[in-house]
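1. sharing a model prediction with you, sequence too.
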Amino acid sequence: MSAPKIIALAGSLRKDSFNQKLINEAARFALQTGAEVEVIKLADLNLPLFSEDIEGQGTPADAQHLKDKLRAADGILLASPEYNGSITAALKNAIDWASRTEQGALPAFRNKVVALFATSPGGLGGLRGLNHVRDILSGIGSLVLADQLAVPSAFTVFGEDGKITDPATAEKVSVLTQQLVSVASKLS
């Protein structure tokens, strides 16, 4: 059995994003299980706001690249910042572009196993945004794991190197990541 292919994605454009740090740690744990992992940073992609007018002129190269990477993956580790109780516009836009169907190809999110993570400086750790992204991804055919992780007090969780300093949080990230890799392996 080949190693599952996992895409790790954080829905933030911020250079020093807590959610990017969190997804980098999840990706590191996934690598330790033997999975193939690719981290995609939304800030590195040029994704215009989704418009069928733009799409009608041809899918932008970075949107197609994201769609192709997601389509080839067995699972997705996804960290979603919470902005005003929901997900970021950047993440929603990326999902909108990647979810567009193409003739003769499966939708990029269809039957993909997804593990949801969030972190924020607040006490809920981004929990409200996770509910929204769960609804969106479930609605477009993703298999979102029942377990998810919202990490509060982000200022105290990460060291200067971006690694998780709290052993209990690291264990929770590791367990959820292992769950994703296990399910993705069985379904691939």
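-> Good, I have the coordinates.
2. buried sites along stretch 101-114?
-> Buried residues in stretch 101-114, counting neighbours by 16 or more other C-beta atoms under 10 Å, are found at 107-109, 112-114. For every residue, glycine as well, the C-beta is placed using N, CA and C.
3. nope, stretch 28-41 is what I meant
-> Of the residues in stretch 28-41, those scored as buried under the neighbour-count criterion (16+ other C-beta under 10 Å) are 28-31, 33, 35, 37, 39-41.
4. what lies in contact with it?
-> For stretch 28-41, the surrounding residues in contact (C-beta atoms under 8 Å, 6 or more residues apart in numbering) are 3-10, 20, 23-24, 27, 66, 69, 73, 75, 77, 173-174, 177-178, 180-181, 184-185.
5. got the end-to-end distance for it?
-> In stretch 28-41, first residue to last residue: 15 Å (C-alpha to C-alpha, to the nearest Å).
6. before we move on, what about stretch 27-36?
-> Between the start and the finish of stretch 27-36 there is a gap of 9 Å, counting by C-alpha to C-alpha.
7. averaged pLDDT, it. What do you get?
-> Confidence over stretch 27-36, taken as the mean pLDDT, stands at 98.
8. all strands of this structure, in order?
-> Assignment of strands within the chain using DSSP state E yields the ranges 5-10, 36-41, 75-79, 113-119, 143-151.
9. residues contacting the longest one, please?
-> Spelled out, it's strand 143-151. 22, 111-120, 124-127, 130, 134, 137-138, 157, 169, 172-173, 176, 179-180, 183, 187.
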